[in-house]
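> Make a model of this:
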Amino acid sequence: MTRRTALPLGLALIASLALAACGAKHENTGAPATSDLRLVLDYLPNADHVGIYSARARGDFRKAGLNVQIQTPSDPSAPLKLLIAGKADLAISYEPEVLLARDKGARILSVGAVATEPLTSLMSVNGRPVSPKTLAGKRVGTAGIPYQDAYLDEILQTAGVDPGSVKRVNVGFNLVPAMLSGRVDATLGAFWNIEGVQLALQHRRPRILPVDRVGVPTYDELVLVARIDTVERHGALIRRFLQALQRGTRAARADPAAAASALVAAAPDIKRPYATATVRATLPALFPQDPKDPFGWQDPAEWNAYKDWMERNDLLTQPANVGQALTNEFLPGQGVGQDGATSG
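Model (predicted):
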């Protein structure tokens, strides 16, 4: 991945971002006043969120003047709904979900990548074949998400397999039970760093292929999303959150054991061996592939390529403008001087 200049936002948004940035200069001259910030996760606490819980345990949010209130959604479709309804200030969601929501008119944008590569995978257990070329005539479980069904079409076509030769079974989010019970031969939708690690710990001999290795364009699996009005009025808070998240995630990389402890403290139902293994597997995906890129970097060219793929597969009803769907303005080191003061 190479660092590129972010695509421009709309002119009105650029002006408002500049004003927010210049306002942040004064905020950084002393200890910032404490502000509440409501963050809704994409799902139950897990290793994908280790940077968040590490930052909270270390006091990084508090030092940044933030009282971060972490909410767990009722289901993975809830985060953007809560955000759009004004019941959260930031939400963790998925790049395709951001593009789909904007296609329906939602005034939101992605302000940083949380997981910078696809985690969604084609997976089987007990040593069963998972190569796409072996799936003709087999049953593949999915969560019934339209763009993931399109992933399966792409994967099969890339492998020269007729998508119609594969029986799809909508198992909802019961992907692992469907595999273990033999209801399906493989699944598409589980994460290699979460369910994949869980199955390996259980000695289920998982075979795993991340979707971007078998034909699907790469994308940011998890992103941090804000409403445009929040970006316009509270850009300094978003910047401070991302700076604190960077500190927490870097600390997790330096001491994965301590980070796993922070995760278990936040979610006691998570067993320590599982937390440790998933944290170690996940940490590389929480940083840009190119170390020259800032923490949370979103590559506009990759977003464009993924957006083009969605359009080709009729997942979007109108042409999408990636320049209005994401911004790297608030990432650590972007739009700010070396002392952390904003350059606007």
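> going forward, measure contacts between C-alpha atoms and count neighbours the same way
Will do.
> can you give me the helices in the stretch 201-344 of the chain?
228-254, 256-266, 272-282, 300-312 (DSSP state H, counting those that start in this stretch).
> I'd like to know which of these is closest to Lys292.
Minimum separation from Lys292 across these (CA to CA) falls at helix 228-254, 14.6 Å.
> So what angle separates the directions of the closest one and helix 256-266?
When axes from the mean of the first three to the mean of the last three CA atoms, to 10 degrees is applied, the directions of helix 228-254 and helix 256-266 differ by 130 degrees.
> Return the mean pLDDT over helix 228-254, rounded to an integer.
Mean pLDDT, computed over helix 228-254, is 98.
> packing partners for that helix?
Packed against helix 228-254, as judged by 3 or more CA pairs under 8 Å, 6 or more residues apart in numbering; DSSP states H and E, are the following elements: helix 11-27, helix 50-58, helix 60-63, strand 66-71, strand 108-115, helix 256-266.
> With mean neighbour count and distance to Arg213 as added columns, please give the helices of the stretch 201-344 of the chain in a markdown table.
As requested, these are exported to a markdown table (neighbours: other CA atoms under 10 Å; distance: least, CA to CA, whole Å):
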| stretch | mean neighbour count | distance to Arg213 |
| --- | --- | --- |
| helix 228-254 | 21 | 25 |
| helix 256-266 | 21 | 27 |
| helix 272-282 | 20 | 17 |
| helix 300-312 | 18 | 14 |
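> would you turn the ones you listed into a markdown table with distance to Val322?
Below are the helices of the stretch 201-344 of the chain laid out as a markdown table (distance: least, CA to CA, whole Å):
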| stretch | distance to Val322 |
| --- | --- |
| helix 228-254 | 14 |
| helix 256-266 | 33 |
| helix 272-282 | 27 |
| helix 300-312 | 6 |
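> looking at the ones you listed, which is closest to Pro288?
Closest among these, using CA to CA: helix 228-254, at 11.7 Å.
> Nearest residue to Asp149 in space, ignoring adjacent ones along the chain?
Nearest residue to Asp149, sequence neighbours excluded (CA to CA, 6 or more residues apart in numbering): Thr142, at 7.3 Å.
> could you measure that neighbour against Asp36, distance?
Per CA to CA, to the nearest Å, Thr142 is found 38 Å from Asp36.
> so who does the most centrally placed residue in the chain touch?
Centroid-nearest residue in the chain: Leu222, 0.5 Å away (criterion: CA atoms, centre = their mean). The contact partners of Leu222, taken as CA atoms under 8 Å, 6 or more residues apart in numbering, are 92-95, 113-116.
> can you check Ala260 too?
Counting by CA under 8 Å, 6+ apart, Ala260 touches 50, 272, 275-276, 279.
> Tell me which two of the residues you listed sit farthest apart.
Counting by CA to CA, the most remote pair of the contacts of Ala260 is Val50 and Arg272, 13.4 Å apart.
> count of neighbours near Asp314?
12 (other CA atoms under 10 Å).
> For it, give me the pLDDT.
Looking at Asp314, its pLDDT is 98.
> Sketch out the low-pLDDT regions of the stretch 51-200 of the chain for me.
For the stretch 51-200 of the chain, no stretch has pLDDT under 70.
> who touches the residue of the chain most remote from its centre in this structure?
Centroid-distance maximum for the chain: Gly137 at 32.7 Å, with CA atoms, centre = their mean. Residues counted as contacts of Gly137 (CA under 8 Å, 6+ apart) are 165-167.
> can I get the contacts of Ala260 in TSV with pLDDT and distance to Gln246?
Below are those laid out as TSV (pLDDT from 0 to 100; distance: CA to CA, whole Å):
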residue	pLDDT	distance to Gln246
Val50	98	11
Arg272	97	24
Ala275	98	20
Thr276	98	20
Val279	98	16
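> on that earlier part again, Thr142 and Asp36 - which one has more neighbours?
Neighbours were counted for Thr142 and for Asp36 using other CA under 10 Å; Thr142 has more, 26 against 12.
> Hmm, that one is touching Gly189, no?
Yes: Thr142 is within contact range of Gly189, at 6.2 Å (criterion: CA atoms under 8 Å).
> Overlap of the contact sets of the two?
Joint contacts of Thr142 and Gly189 (CA under 8 Å, 6+ apart) are 148, 175.
> hang on, the earlier thing: quick check: phi and psi on the residue nearest to Asp149?
The phi/psi pair for Thr142 (degrees, to the nearest 10) reads phi -130, psi 170.
> so what's it bridging to?
Beta-bridge pairing for Thr142 (DSSP bridges): Asn170, Leu188.
> Quick one: residues contacting it.
Contacts for Thr142 (CA under 8 Å, 6+ apart) come out as 148-149, 168-172, 175, 187-189.
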